[in-house]
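> Give me a model of this one.
(one chain, ligands or ions: 1)
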Amino acid sequence: MNSSKSQPNDVRPIIISGPSGVGKGTLIQMLENAHPGTFTRTVSHTTRQPRDAEAEGSTYFYVSKPEFQSLISQNAFIEYTYFSGNYYGTSRRTVAYQTAEGLVVVLEIDVEGVKQLRETAIIDARYVLIEPPSLDELEARLRQRSTKTEVSIEKKLGQARCELEQAETSGLYDMVLVNEDLDASYKKLEAFIWGLSTD
Ligand SMILES: Nc1ncnc2c1ncn2[C@@H]1O[C@H](COP(=O)(O)OP(=O)(O)OP(=O)(O)O)[C@@H](O)[C@H]1O
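From the prediction side, this is the model:
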């Protein structure tokens, strides 16, 4: 594509969802590699302690629990979650700053999160669902990628079934992409972002 230098006309954040192992990270990395300076992932806020080599503002913004809770009450997050004893959230302001700098923010948000965003209209974004060609293929990708135990692969497949059923709610996504052939999927995603037809 000839757009490697030009920014898309539509710079609204791109929200990507889909089950674990479907290829979200792979496709996002391909976008970043092909269009340096166009896309950015967002930096989340967290209450967990920084690990070695993690820097404030590049891996996370580190805040205390009371600070995080105060931000929640100010409606500062597009979405947030409490996981393993800590909060994690995506701040509206961070996304707005990145967008104002001319970057297209790419966010990975699960189907439940997307439902909430659509209901509250808290962010003006474009929503993409990545689906596997089949659950068997998803299982193959999860196995190929990981050293995880049988239990955790079964768990991910169970979650995938639920997520895909939920995602069928009409109107939730602007684009549904079945990630069968990776290069073909990438081209469709790129064309969608640049508002080009793939017919
Ligand atoms: N179209 C494709 N065909 C075959 N393999 C693929 C395809 N897309 C991605 N993969 C492979 O599937 C595996 C899972 O991909 P990836 O890690 O990008 O998934 P993900 O959706 O980001 O998962 P998670 O949400 O768990 O981070 C990787 O090994 C990747 O190389």
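> Helices along the chain, start to end?
Counting by DSSP state H, the chain has these helices, from start to end: 24-34, 65-73, 92-100, 111-120, 135-145, 150-167, 182-193.
> For the longest one, name the packing helices and strands.
Translated: helix 150-167. Judged by 3 or more C-beta pairs under 8 Å, 6 or more residues apart in numbering; DSSP states H and E, the packing partners of helix 150-167 are helix 111-120, strand 126-131, helix 135-145. Where you see a C-beta, it was placed from the backbone N, CA and C, and this is true even at glycine.
> ok, Thr169 - contacts?
Lys115 (C-beta atoms under 8 Å, 6 or more residues apart in numbering).
> Val11 contacts Val104, doesn't it?
Yes. Assessed by C-beta atoms under 8 Å, Val11 is found in contact with Val104 at 5.3 Å.
> returning to what we had before: now for the helices and strands packed on helix 150-167, which one comes closest to Ser73?
Nearest to Ser73 among these is helix 111-120 (15.3 Å), distances taken as C-beta to C-beta.
> Need the CA coordinates for that closest one. PDB is fine.
Extracted C-alpha coordinates of helix 111-120, given in PDB (Å, rounded to 0.1, in the frame of the first residue of the first chain):
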ATOM      1  CA  VAL A 111     -16.000  -7.800  24.300                       C
ATOM      2  CA  GLU A 112     -17.500  -7.000  27.700                       C
ATOM      3  CA  GLY A 113     -15.500  -3.700  27.800                       C
ATOM      4  CA  VAL A 114     -16.600  -2.900  24.200                       C
ATOM      5  CA  LYS A 115     -20.300  -3.300  25.200                       C
ATOM      6  CA  GLN A 116     -19.800  -0.900  28.000                       C
ATOM      7  CA  LEU A 117     -18.000   1.600  25.800                       C
ATOM      8  CA  ARG A 118     -20.800   1.500  23.200                       C
ATOM      9  CA  GLU A 119     -23.400   2.000  25.900                       C
ATOM     10  CA  THR A 120     -21.700   4.900  27.500                       C
END
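> does it come close to the ligand?
No. Applying C-beta under 6 Å from any ligand atom, one finds helix 111-120 separated from the ligand by no less than 12.1 Å.
> what's in contact with that helix?
15, 17, 78-79, 109, 123, 125, 127, 129, 163, 166-167, 169, 171-173.
> Specify the angle between it and helix 150-167 in degrees.
Counting by axes from the mean of the first three to the mean of the last three C-alpha atoms, to 10 degrees, helix 111-120 lies at 30 degrees to helix 150-167.
> center of the protein, which residue is that?
Glu108 (1.1 Å; C-alpha atoms, centre = their mean).
> ok, now which ones touch that one?
Going by C-beta under 8 Å, 6+ apart, Glu108 touches Ile15, Ile16, Ser17, Lys24, Gly25, Ile28.
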